[in-house]
Each structure stands twice: as structure tokens, then as C-alpha cells.
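> A structural model of the following input is requested.
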Amino acid sequence: MEKTCTLLVHFDKGTPALANEIKEQLEGHDTERKIDAMKKAVMLLLNGETLPTLFITIVRYVLPSEDHTVQKLLLLYLEIIDKTDSRGKILPEMILICQNLRNNLQHPNEYIRGVTLRFLARLNEAEIIEPLIPSILSNLDHRHAFVRRNAILAMMAIYKLPQGEHMLIDAPEMIEKTLTTEQDLSSRRNAFLMLFTCAQDRAVNYLLNNLESVSGWGDILQMVVLELVRKVCRTNPGEKGKYIKIIVSLLSSPSAAVMYECAGTLVSLSSAPTAIRAAANCYCQLLLSQSDNNVKLIILDRLQELKVLHREIMVEMIMDVLRALGSPNLDIRRKTLDIALDLITPRNIDEVVMMLKKEVVKTQSKELEKGGEYRQMLVQAIHSCALKFPEVASTVVHLLMDFLGDSNVASAIDVVFFVREIIETNSSLRESIMARLLDTFYQIQSSRVCTCALWIIGEYSLSLQEIEGGISAIKQSLGDLPFYTTAEEGEVIDTSATKPGNQTPTPPTASKRPAILADGTYATQVAVAASVSTVPSLMAMAGSTTANLRAILLTGDFFLGAVVATTFTKLILRLKEVQSSNVAVNKATADVLLIMVSMLRLGQSAALPHLIDDDSYDRISLCIRVLSGSDDGLKTVWLKLCRESFVKMIADKQYREMEETKALAQESYAQPDDLIDFYHLKSRKGMSQLELEDEVQNDLKRAVGEITKDGDGGKKLNRVLQLTGLSDPVYAEAYVTVHQYDIVLDVTIINRTTETLQNLCLELATMGDLKLVERPQNYALAPDTSKQIRANIKVSSTETGVIFGNIVYETTSVLDRNVVVLNDIHIDIMDYISPASCADVAFRNMWAEFEWENKVAINTSIQDVTEFLNHIVASTNMKCLTPLSALEGDCGFLAANLYAKSVFGEDALVNLSVEKQTDGKLNGFIRIRSKTQGIALSLGDKITLKQKGSV
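So this is what the prediction gives:
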């Protein structure tokens, strides 16, 4: 049998002390050396050494010492040594320590008495404790609180022993008397804890007799009271009413720990709106008063749980929750926004948006840490609010447009996407948004933001003034033409940098230094340092220009050039419709064509690090052909069909969000045969409002079957794994329960032989990020009997692990140990990941950031691409982020993104690209990316295993 351990001391693995050295130090008269020797002895014993010859030395030379540290170490030594033989009998030499313990319990120093009583609380040997009972009881009336509180703990530990009730017959009564007279808070707490664990009825009576004074008790005593209330209410649900009053009174406790426990207890015991509201208020107070970020995150988790179960009550608390945005921690802010966005209603939307606007303004301060990331979160939150309630868009869109030139590119992208969606869904804001966009266009420095802004200018510039303003703004951002010129010496010069007022390039400077040649002689080496402006590359010129589009183009970003050409084409085609003067139209067309040709020449220049790509070249060339001709069909495509595609995408997005909302709402609909409870006809019987509400909620739960809901036994049977064969002498099977961070194996072992199996041990080992918690124990198993053994395994990451092991036992007929090898238990990654959602931008950012990729070739018997996608989604427990509208049709090719999140916060990204071959088979790849190697490999193995056939 594995020994219990009540003591844990850090052991520095160095040269271990020898027993003879320890013995010599103990026999000396130097107290410091004795203390050092006792520490070494305790460490060796804790690490498995026996030191059998040391006991008598300690009795002779350490027991008589008056030093407090030596006495404390002596008690620790006595705590960890074996006090019984192999048959469980007390060792004879233990009689020697009983008199010393009695003397310590009557010692004039309160410290010696206290540590001795604490030592006795950890003893399990009744033969040693029984002679000391009178001395223990005498310490209940000691003048010092340290002694009294340890005396009560010792009595509680003794009373829990198998023979404890006989050794301390009147202990509960004595402790109850002590509780009424005791003034020390810790002693009262220990006394009440003993009544709670050993005589619950007495604890309940004492609590009910002192209801008025509970709020004045100390925090450690109030925590025990709450534990008692939870236990009593679970065993007797009908008595919840009077105990809930106690909990509500403790909600105003000055102790944060008591407030937190009160709120949790209240939520677990009652569903009454008054109780839930009080608990939510308590959590919000703690959220603001506590400075520890971990505490704030825990409280936000509790509020998240309340939001799921009691959303209508949490809606009232939304502004209190949003006050947590004052914390500088991004995780706290993110979680706060997630909770608040689910609680928005038409009644509170204005307040919420006003709060978010104030926070956005605060992010402009340079003192704010990680202001760009926080601003991105706020922009996304405001975007979500504006989509749910379009009437608030006008109050925020102009404020957000100031951040189009934000140095945080992700934040700027979110802003421009928000503007793009709002300008389509809110036509009344189009003119003001276009005017503001043209005014702030020059501030945009990111290529991705520029492309989206240019698309907006090209699609939504409808009036003559807007079209001319758009053309002018883009031309100003491109700067003067040509983009570069080549001087006689072959140097590349940016034309915008040679204007009057710009500095002339500095001449190159030369430096000389001696160099050693191969034959050992010296020579003079001349190095010419060229200035930045003389390098035949336009990359260096990009940073010196003030025109934003020009700067990006000179870095070789010709995708942006293609978008500029497309925007110009749309603006010119619209200009032809609204401009009556052909001269003005022709002039604008010629200017635009010149710009496009200049971009093509720039793309073919050797001064750039790479030439223009074929796609961008073809796109710009197409724009030139469209403006050079007059094809009405192409005009319809450019001016109408592009916009219609975007409108269809927005409508599809709104439809998907509406369907998800409906699906969530349907879960809480009442059934037609639900009980109708008439609240005002309820018999009150002198109950308070809280008790009445709680009674109504219980009736409703009972009516809809929430209280008597049984688990699905069939699913449990699916998790039973056979570990040995049916012909093995020992049969074993395991039921695997997977919690978030640990795995519990309930192993049933059956002895199928006619002999008693001795020292039977279940030896387990793990592979992967799994760790066994307990050491294996030895058991004796009679013939045809069974034994239940529970093993706990900790999980540290989302990696497929393997548990393997043996059953080892001995029999009376065979001297050697017998071994039965167990089947391996594979821990499935599906138990740790769950479907999740994320924005397309976030998915792309993570895809670019994550370094671990696992590429799985498609090898399946399924012949339909959509059916294969559904099969992979079901097999991997992931969510398909690609909308269904994008997967419709039958073109023989499909590309989709899947996403899931693990319980450890890890992200799992999957991209599926599949094509149907002419022979009907599917071909392609499934690419998995994650931040850690384990989840990428485990998910790849799962997909390889599951992709071949049906689920």
C-alpha cells in the first residue's frame, strides 16, 4: 500500500549525506549542527531512505533538547518515519516518544504546545494518541489562541479516526461550548469546521441561533458557513429559503473572497431573478475593485456563464461590465467586449456606442500601451454594433475614418471594411462618407487599406463633384509623371524628388585603407560610399516622397497599380454619363491613360527589384482597352455587376448571421405543453420575495424536466475500452472520462483464476503531453472478485497521447511475478477541440503567422467534393468558415477554410482544396496550420484516418 505523505520539502540533488555523518552531528553538543543533521535526515527519509539506526540516537540526543527549532524538526521526523510494522502493529520503540509528547503538551511555552498539537493532528495511530487525550483536552482552555486553535484541529483529526468517536465521546458538545465562549477568530473557525464535518446538526443549530450576527463574523469563518450552506441545501433543497437569506446578507462583506463565494453559491442554489441580479452585481463590484488580472479574468468567466443562463438579467448589467475596459490588459478588454456585444439591445445600444467612442478617443494617447491592438478590438466591436443596429452608424463612422491612416494596419483594415459595409447598407450616409474619405485619403499608408479605399471611391462616386474629386485625389497621391527618369550617367532619379526646394544629391565619398594581399605585401584599397539617391533603385525613393500611392508603387506593389487603374476606369465611365462636355471627358481620359501607361513602363523598368507580374499587367492593359473603346457590355460589367456582387455578399452575410441568431433563439423556446405558473396565485405562506421567486423557478424546472434529466447511458458505454483478452487470467476494461485538463481512467480488474492474486499492481505509462498523477498501489484480489482502480492523468496540450501499461501480480503457486500486457489507450484530439468562429482577416493573419504546417494528401473513396467537405467537418469537429453560398454549384473544384479552438486556447486552421478528376476520384490537399507542432500532427493523423470512408 502506498504511504500517505503530509510533508513536502524541496530536495537539492547533490551529494547525499551519509547516515554516519548525521549520527556524529546529532551526538555533538552544537545546536546548529544538530539542526543541520535533522534537516538532512528528514530530506533523506522523504526521498525513500530508511535510516533504521538513527531512531535511538535521536531519542538519546535530540529528545532532551530545549531548542525550539530542534523540537520542530524532531516532530517532522516523527511524522514521516514508519511507526508500525508490516502487520500494522505499533513498533515497541514508539512508546519512548509518548512521554515526550505528553511533556510537550504540558510545556510552559505555547509554541511547543502548538506544534505538538499540530503534529498529533497528522497521526493515524490510535495507540500513540489515546494516552495523550487528557493532555489534549486540557489545552482547549489555554490562555494563548495559538494553542487553542491547534487543540481543536487535533481533536477534529482524532475524531475522524476509526476509533475516534470512542476516544472523544463528548467532543462535539465540548467544541460547541468552546464555540460560544471563544473570542479568537481562527479558533472559532476551526471549532465551527469541526462541527460542520463531525456533527453537522449541531453546526446548523448554532448557525440558525446566530443568524443576526453572521454578517459580523470574520471572513475565514464566513467561508466555512458558506460551505455548510451549500452542503445543507444540496441534501435538503426544500430548506433553501432561510439559507439564501444568509448568503444575501454576506454579499456586502468587506472580504472579496467571501463576496465571490457568496455570488457563486447564490447562482448554484437559486434561479430566482433577484438572486441572479444580486450575484451579477457582486461580480461587477469585484471586477472593478480587484487589481489582479487573473482575478478579473476569473470573474469575467463567471459573468460569461451568467450571460448564457440568464441573459435577460445580464442585459441590465452591461454598462457595469463595460467599466472593466479601464484595465490595461488586452485579454481582459477582449473578454469584456465579447460579453458586452452579446448583451446589446435597442434600449442600451446608444450608451454602449457612446462608451466605445470614448475608448477609441483614449487610444490616441501615446501613453497607452498597445493602443493599436486595443483600437482594432474597439473598431470591430463598433462594426458589430452598427450591423445589428444601423441607426448608430452615423454617430461613429466619421470618428473611425480618422484612423484610416493608422500605423496599426490591422486596425486600419477593420475601419475601411466597416466603411465599405456601412456605405452600402446606409445609403443616407454615402455623400458624407465619400467627402470624408476623399479628405483623408492622402493619410493612408497601407497598401491593403488603399486598395479597399480605392474600390469605395470607384463604386460610390456618383455625382460629378464626387467623380472629379476622386480623380483629383488619386492623381495627387500618385504625384507628377513620369514616375522616374534616367540621367546620362545611368542614374535613376525620382521626378518628384527633383523639384525646387528638394535637396540635391550629395556626391559620393571615397575612403582609403591598407589591405594585405595574398603574398603578404600591402596595397591601398579605395571604397566609394554611394549616397542613397545615387543607387540605381527606386526603393530608396519610396520613403522620400509624400504621395502615398506613389510611395507604395515605387516599392514594386503593382497589385495596387492595377486597383488604381480599375478605379480610374470606373470613374471615367461614370464621368461620361454625368459630364455633358466631351472636351472635359476627353481630357480626363487622356490624363488617366497617361498614368496607366506610366505604370506599365515603371513595371518594366530594371530599376525595380522585380518586374510587374502578369496579372497586374493584363489588368492595367484591359483598363486601357476599355477606355479606348466604347463597349456597352463591358460598361455594364464595370459599373453594375461589380456592385451587385458586393451587395449579394453583404446580403448573404446578413442571412447567415440571422440564421445563427434564430438557431440560438430556438433553443430557449417554451414547449406547447409546458406548465403555466400563475405567479400572483402562488401561495406565499409568509415567504419573502426571494423565496417566492426561487419556488417559482423550481416549479418551472420540474415541469420541463430539467431537474430529473437523466444522462445518456448508451454514450457512456461507447467509451468503455477492453484492455485485456477474454482468455487472460486477469480481465481488465477501462472507462475513460476526459475533462478539460485531466483524464480519469476507471479501470475494472477481474480475477478469473482460482487463486488469490497478491501485490496486484496496475502499472501505467504515457507517451505525449500526458503525465500520471499518482503512483500505482498494490492490491490483493480474491478468486472471482473484481477491483475498481482509478487513475488520474494530467493533460498539458492538445496532442494525441497514448496510455499503455501492464498488470503485474503474484500468486502463491508461482514465485515469479506474472505480467499481463494491456491494450494501448489512444486519447483522441477530438475531446479537446471545439468548433469556433473568427473573421477572415484574423484567419489570414494567423495563417501567415503560424509556423507549423502539416500537408495531407487527399485519398478517399468519396466522389463528391461537397460530401467530402461535410465528412471532414464532421470528422474533425471543426467549423467551416467559408459561407455556403460560396460552396454552391457543381464545378468539380472546392476550396474551404475550417477553424477550431482547443481548451488550452490553441488555434487550429485547416484549408481544404479538392478537385474532381476525369475518372471521378478526388484529388488535392488538406493543409493544417497551428502555433504548436502537436495539434498540427494530431489533426493530420485524425484526418488521414477518417478521410477514406464514411463517418
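
> against L912, how distant is A896?
5 Å (C-beta to C-beta, to the nearest Å). Using the backbone N, CA and C atoms, a C-beta is placed for each residue, glycine as well.

> shared neighbours, these two?
L869 (C-beta atoms under 8 Å, 6 or more residues apart in numbering).

> compare the two (neighbour count), which wins?
A direct count of neighbours by other C-beta atoms under 10 Å for A896 and L912 places L912 higher, at 24 against 20.

> the more buried one: what's it in contact with?
So L912 contacts L869, I872, L894, A895, A896, N897, L898, G924, I926 (C-beta under 8 Å, 6+ apart).

> which element follows the helix or strand hosting it toward the C-terminus?
For L912, the host element (DSSP states H and E) is strand 907-916. Of the helices and strands lying after strand 907-916 in sequence (DSSP H and E), the nearest is strand 922-930.

> which residue, other than its chain neighbours, is closest to R719?
Among residues not flanking R719 along the chain, V736 sits closest, at 5.3 Å (C-beta to C-beta, 6 or more residues apart in numbering).

> so is the one you found in a helix, a strand, or just coil?
strand (DSSP: H, G, I helix; E, B strand; the rest coil).

> count of neighbours near it?
19.

> pLDDT wise, what is it at?
We have a pLDDT of 83 for V736.

> which ones are touching it?
R719, L721, I743, V744, L745, I825, I827.

> is it possible to export those residues to CSV including neighbour count?
Shown next, in CSV, are the contacts of V736 (neighbours: other C-beta atoms under 10 Å):
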residue, neighbour count
R719, 12
L721, 18
I743, 21
V744, 15
L745, 20
I825, 20
I827, 23
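
> farthest pair in the residues you listed?
L721 and V744 (13.2 Å; C-beta to C-beta).

> longest helix anywhere in the chain?
The helix spanning the most residues in the chain, taking DSSP state H as the definition, is helix 642-666.

> on contacts alone, who are the packing partners of it?
Contacts defined by 3 or more C-beta pairs under 8 Å, 6 or more residues apart in numbering; DSSP states H and E place helix 642-666 against helix 409-425, helix 447-460, helix 884-887.

> which of these sits closest to V224?
Of the helices and strands packed on helix 642-666, the one closest to V224 (C-beta to C-beta) turns out to be helix 409-425, at 50.0 Å.

> and for the closest one, what's in contact with it?
For helix 409-425, the external contacting residues (C-beta under 8 Å, 6+ apart) are 372-373, 375-376, 379-380, 382-383, 386-387, 390, 393, 397, 400-401, 403-406, 429-430, 433-434, 437, 444, 446, 448-449, 452-453, 455-456, 460, 646-647, 650, 841, 845.

> let's see 6 Å
372, 375-376, 379-380, 383, 390, 393, 397, 400, 403-404, 406, 430, 433, 446, 448-449, 452-453, 456, 460, 650 (C-beta atoms under 6 Å, 6 or more residues apart in numbering).

> same check on stretch 449-466?
412-413, 416, 420, 423, 430, 434, 444, 467, 470, 560, 563, 567, 570, 578, 643.

> coming back round to it: gap between the longest helix of the chain and the chain center?
Put simply, helix 642-666 sits 29 Å off its chain's centre (C-alpha atoms, centre = their mean, to the nearest Å).

> ok, stretch 275-282 next?
With C-alpha atoms, centre = their mean as the basis, stretch 275-282 stands 25 Å off its chain's centre.

> try stretch 67-83
Distance, centroid of stretch 67-83 to centroid of chain: 44 Å (C-alpha atoms, centre = their mean).

> also stretch 438-453?
35 Å.

> could you do stretch 147-165 as well?
That offset, for stretch 147-165, works out to 42 Å (C-alpha atoms, centre = their mean).
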